[in-house]
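Chemist: Next one to model:
(2 chains)
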Amino acid sequence: MTAKDKVGAVMVVGGGISGMQSSLDLAESGFKVYLVDNKPTIGGAMAQLDKTFPTNDCSMCIMAPKLVEVGRHENIEIVTNADVSSVAGDVGNFTVTLTKNPRRVDEELCTGCGICSLKCPVEAIDMYNEGLMARAAIYVDYPQAVPLKFHIDKERCIGCGICEGECPADAILYDQAEELMKINVGSIILSPGFDEFDPTPLREYGYGRYPNVVSSIEFERMLSASGPFRGIVMRPSDGKVPEKVAFIQCVGSRDEHIGHNYCSSVCCMHAIKEAMIAQEHTPGLSSHIFFMDIRAFGKEFDDYVTRAQDEFGIGITRGNRVADISQDPNTKDLQVRYIEGGNIRYERFNLVVLSVGLHAPRTAKDLSAAFDIELNQYNFVDTKTFAPLETNVPGIYASGAFSGPKDIPTTVAEASGVAAKAAADIHEARNTMLSDVQLPPERDVLGEEPRIGVFVCHCGINIGGVVDVPEVMEYATTLPNVVFSDANLYTCSQDTQERIREKVEEHNLNRVIVASCTPRTHEPLFRNTVREAGLNPYLFEMANIRDQCSWVHMHEHEAATLKSKELVRMAVAKARLLEPLEKASIPVTPRALVIGGGVSGMTAALDIADQGFTTYLVEREKKLGGIARRLYSTIRGDNVKAEVEQMAIRVKEHPNIELFLGAEVDYIDGTVGNFLTMLTGQTQVIEHGVVVIATGGEEYEPDEYLYGKDERVVTQLQFEEELAKTKAKNLPSTAVFIQCVGCRNEERPYCSRVCCGSTVKQALLLKGKCPEAQVFVLYRDLRTYAFKEDAYREAAEAGVIFIRFAKDMEPKVSKGRPKDGPLEVIIYEELLEENILIDADRIILAAAILPPEGNERLAQLLKLPLSKDRFFLEAHMKLRPLDFATDGVFLAGLAHSPKYIDESMAQASGAAARAVTILSRDTLLAEGVISVIDADMCTGCGTCIELCPYNAIERTEDDKAHVVEVLCKGCGICAASCPERAIDIRGFTSEQIIAQMSSVMNGGGM
Amino acid sequence: MNPIAEGSGGKKAATAEGFEPRVIIFACNWCSYSGADLAGTSRYQYSPNVRIIRVMCSGRVDPSLILKALRNGADGVMVSGCHPADCHYINGNQKAEVRVSFLKRFLPHVGIDPRRLGLEWISGSEGELFAKIATSFTEEIRELGPNPLTGDDVPEVR
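Modeler: Numbering: from 1, shown residues only, chains lettered A, B, ... in the order given. Have a look, this model is predicted:
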């Protein structure tokens, strides 16, 4: 196919968080996106969640800005209610035929006002709320839905015609028929997500028979402020608030009997989160979780488990699956039967939550047939370790839970990763299918008296449950220059953006205030809205009455209401003084610097270079490959050496990659779009627009278990080499693997994620080579998540003996007697309740993955934060896993946290996609918040020039200080130090700050 | 006259009972303000007396702004920024530290207990710390009682 036949558009099938992220990355990189969902609205599973682990962020709150961004992006076309019928063509030029099922409401005409739903006489089951409440037959799933268009449930509609009569927009189309659509795209991304397991067939747990046994997703809705019980934990049988709740793990997962041997990866953390949130919502509630293993393998997940136990007192039992549940017919309480320490135990609970597994989506087989893609035995997409995002069909990629159960940040990283792959196929056609943005001209408000509109948000019950929102709204109207105020259920929803625009026009507003959550997440969204309303985006101010009021004064309704009023008053005081700000435009240097030449760095470099951008790859060693050079195989049997070698050859031969081996970053300066870097041993200054950090990790050198004192004690990486290079007859006949060496302890509380899988792999390899060898694995929680569980089962069946030990019951290793005899390992066996002795001739330590020491220096050079465990800390743990708060710098691989090769590669591809969102632009707009110097007041003393950390202030010919706008980052250090008060910070002027402070003093309501 | 800035600003009842301190915390956008947000998402409860003013960097907080706050009736002012070496603007927090320690030496000369001015480093991952500091600082100010000086008692700063 020639370049001109390539189509500059991508189809994304599935509009959950994965599809949304892919769409945004592609749309921001110059491609047209068709986002297809088979439901009437996008949002996917994340829209149903109340909170997310491990930060307990409100799910809808962090997702809503993305929903809105997708909904309003000029390069994204959302196609809802559509199924894929067939596909023709090849990579670069596919034609996809969609069947668009009738919504029975005209999408163009429907305003989402909801009158139809209020008048509809039908009560139907609300599946968004997991059947726990009713809705009308004409409905939207949730108030922030995108697109906010109503939908008629044809199964339940009785055709009475009331909605048709009531609809002010005449949007009802009872007879709308299905429609075929043909769409031409260059590449395709599949991200249909997952379906949860239906536990009804597992009769032993009584789901469907005992009313107080619910699934984890039902419980999620019960916890949600917008859910059936408005966030109050109640028993479905009698509405009573429970005192004791049990969570039962691995329901529909790790269960070979039902054909689902794999681990669903997220349920352990999900249950811990639900237990924490439930206890928060219900004082006095105690919860207990029955685990098989606690699989808290993600970044800072173990800290979360510790917090659940220590701070929330959440009870934990681990080791076995719960045997069964029986119900007391009178009280509807539930008795849980389980095994602990070899004994059968019973415990009574008022409510039981089944942590149901993640299954391949019901549409998997249809998609497989339509796109001709291969699925694995569990109906997930069969991706490969070294091609974690690719399906078997060139040009078609898979992201998120469709290629295996995974959590949100892993999904988001993959979603960006597939965007890089899909873009590389058609990069020649970039910017060929875009639509122009038509923004109304900016209204000149200079000289106008401020006319302020205040929009107060209920945020479901996040604010409204604590703060008297109508009172705050009323109060706002009494403030000077406020000419309009409003209260919204969710101010961030798409319909409210429309409403804000309307009100700006209707009341001729020239300042807008939103009193809701934090400007850190929502300011960009509202600024866009304000701009679309024809105002300068800086004529906007937020009052944070949620994160810094309702959530931190949950039990003080009056004080919180009073404080909210003050916060609004402070915002008004500042808003009256706001001025329109202009942004300088910065040209972008369309080249990338990738730091680290391991698997992650090489992948990122290749994916950026494949999109046509020059990439500098720096590796401090003389050879590419990083820590992967010490690996020989994966749990799936890949030849790591050969794969890494192949990747290195591609890097070396790539025309767009310039490689620097044996070099390190010596000095780096600049900001997004334009960095300057000096490398050690190089005279050339590298100019680039973005940085990808892929500095990898190191293996911990243990001082435990006689390591270094007896050569029969080795680390996993040492044993990897021994297994690959030693003849079977020389391999140990008794090997003991000890897990969690140097991590999950006080010094390093984190889990190194890959060790359990590697141990199982090595145990199987040893058993394969020497079937008679005795192999023991001593572990704390065996974390073979997702499909790695199959290898765990295989190892157990091959005779590998797995023995669990508790944190303070570590095995003891000693040199046996006589001196040349075997090593002695003593371990307490929990089921036998006694110590057992193993004579071992090899002990393999699962040594922790450490962040490399160079991280500290790089972090300082680039002003990047490190996590408490000294890995790089991303901008947001859930939804911005590859970005930093500092624009233009991205993160991948072990530098982020320990992970497997395929996960590192997916992240690296994702970092590449994020980088290209910048590289593919000619110019970026500078910040509006920058320093401004009044030349008339400046005496040219030079204090600011000396203090500016960015050398952004220069001396003019007439001896005055002058700000170089694109270099200024708006910190305000100059303003605070100018002896003449000649400097101010736009958007944070002294006058504005003083007005805010004075308004605090005024009310006396503190 | 600015109807918002105009206010009682006068002395509050000096009785310990019923005294609710007015506390202003200047929080830098990158660390301390996000720490305060995290206190919210993690639901760490703290004293409702606190009013946060967002600035991009603790280095933005001009001593004259602190004096203005104390002069206009704040009972306590705290400057909070990123931990040393974590400053998003390289070293703005060091500058804040110098300014605050200088001001603390100056305050007794105008009759203000220097304990009414605080400086704390709170990172974006320290929601719990933010809540603890907000509460303990408020309580410390409550012990000190109402700010005896307001309005004309404190020299006007340009």
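Chemist: Beyond the helix or strand A:Ile836 falls within, next helix or strand please.
Modeler: With elements delineated by DSSP states H and E, A:Ile836 resides in strand A:834-840, which encompasses its position. Proceeding N to C from strand A:834-840, the next assigned helix or strand is strand A:842-847, under DSSP H and E.
Chemist: quick one: the least confident helix or strand in chain A by mean pLDDT to chain centroid distance?
Modeler: Comparing helices and strands within chain A by mean pLDDT, DSSP states H and E singles out strand A:57-58 as the least confident, with a mean of 78. From the chain centre to the centre of strand A:57-58 is a distance of 12 Å (CA atoms, centre = their mean, to the nearest Å).
Chemist: if we can go back for a sec, how about residues contacting the strand holding A:Ile836?
Modeler: Counting contacts by CB atoms under 8 Å, 6 or more residues apart in numbering or on different chains, the residues outside strand A:834-840 that touch it are A:712, A:732, A:734-736, A:776, A:803, A:816, A:821-829. Backbone N, C-alpha and C define where each C-beta goes, glycine included.
Chemist: Derive a ChimeraX selection command for the buried subset of those residues.
Modeler: Below is the selection syntax for ChimeraX that covers the buried ones among the contacts of strand A:834-840, with 16 or more other CB atoms under 10 Å in any protein chain shown defining burial:
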select /A:732,734,735,736,776,803,816,822,823,825,827,828
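Chemist: the helices in chain B, which residues?
Modeler: Ranges of helices in chain B, per DSSP state H, are B:32-41, B:63-71, B:92-106, B:127-144.
Chemist: Can you check which of these gets nearest to A:Ala423?
Modeler: Evaluated with CB to CB, those place helix B:32-41 nearest to A:Ala423, the distance being 31.6 Å.
Chemist: Just list what the closest one packs against, helices and strands only.
Modeler: Counting contacts by 3 or more CB pairs under 8 Å, 6 or more residues apart in numbering or on different chains; DSSP states H and E, helix B:32-41 is packed against helix A:519-532, strand B:23-28, strand B:50-55, strand B:76-81, helix B:127-144.
Chemist: low-scoring stretches of chain B, by residue?
Modeler: Counting by pLDDT under 70, chain B contains low-confidence residues at B:1-17, B:85, B:150-158.
Chemist: still on that earlier bit, what does the least confident helix or strand of chain A contact?
Modeler: Defining contact as CB under 8 Å, 6+ apart, one finds that strand A:57-58 is touched by A:Asp50, A:Lys51, A:Thr52, A:Cys459, A:Asn462, A:Lys878, B:Thr41.
Chemist: C-terminal to it, what's the next element?
Modeler: Following strand A:57-58 in sequence order, the next helix or strand is helix A:59-72 (DSSP H and E).
Chemist: What does the pLDDT read for A:Ser998?
Modeler: If you check A:Ser998, the pLDDT there is 89.
Chemist: Domains in chain A, by residue range?
Modeler: With automatic domain parsing as the criterion, the domains of chain A are listed as A:7-100+A:178-194+A:360-437, A:102-177, A:196-358, A:452-575, A:587-697+A:851-919, A:700-848, A:925-1001.
Chemist: and the first one, how far out from the chain's middle?
Modeler: From the chain centre to the centre of domain A:7-100+A:178-194+A:360-437 is a distance of 16 Å (CA atoms, centre = their mean).
Chemist: Mind putting the domains of chain A into TSV with distance to B:Asp75?
Modeler: Output for those, formatted as TSV (distance: least, CB to CB, whole Å):
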stretch	distance to B:Asp75
domain A:7-100+A:178-194+A:360-437	32
domain A:102-177	41
domain A:196-358	31
domain A:452-575	15
domain A:587-697+A:851-919	33
domain A:700-848	39
domain A:925-1001	10
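Chemist: hmm, back to that, out of the helices of chain B, which one sits most buried?
Modeler: helix B:32-41 (a mean of 27; mean count of other CB atoms under 10 Å in any protein chain shown).
Chemist: still on that earlier bit, mind listing the strands the strand holding A:Ile836 pairs with, and their directions?
Modeler: Strand pairing for strand A:834-840, determined by DSSP bridges: strand A:823-829 (antiparallel).
Chemist: Need the helices of chain B in JSON lines (columns: distance to A:Arg753).
Modeler: What follows is these, written out as JSON lines (distance: least, CB to CB, whole Å):
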{"stretch": "helix B:32-41", "distance to A:Arg753": "24"}
{"stretch": "helix B:63-71", "distance to A:Arg753": "47"}
{"stretch": "helix B:92-106", "distance to A:Arg753": "34"}
{"stretch": "helix B:127-144", "distance to A:Arg753": "25"}
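Chemist: show me where pLDDT drops low in chain A?
Modeler: By pLDDT under 70, the weakly predicted segments of chain A are A:1002-1006.
Chemist: Please identify which residue in the stretch 451-600 of chain A comes closest to chain B.
Modeler: Taking CB to the nearest CB as the measure, the point where the stretch 451-600 of chain A comes nearest chain B is A:Asp547, at 3.2 Å.
Chemist: can you put the contacts of strand A:57-58 in TSV and add distance to A:Gln684 and secondary structure?
Modeler: Below are the contacts of strand A:57-58 laid out as TSV (distance: CB to CB, whole Å; DSSP: H, G, I helix; E, B strand; the rest coil):
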residue	distance to A:Gln684	secondary structure
A:Asp50	53	coil
A:Lys51	50	strand
A:Thr52	45	strand
A:Cys459	52	coil
A:Asn462	53	coil
A:Lys878	39	coil
B:Thr41	45	helix
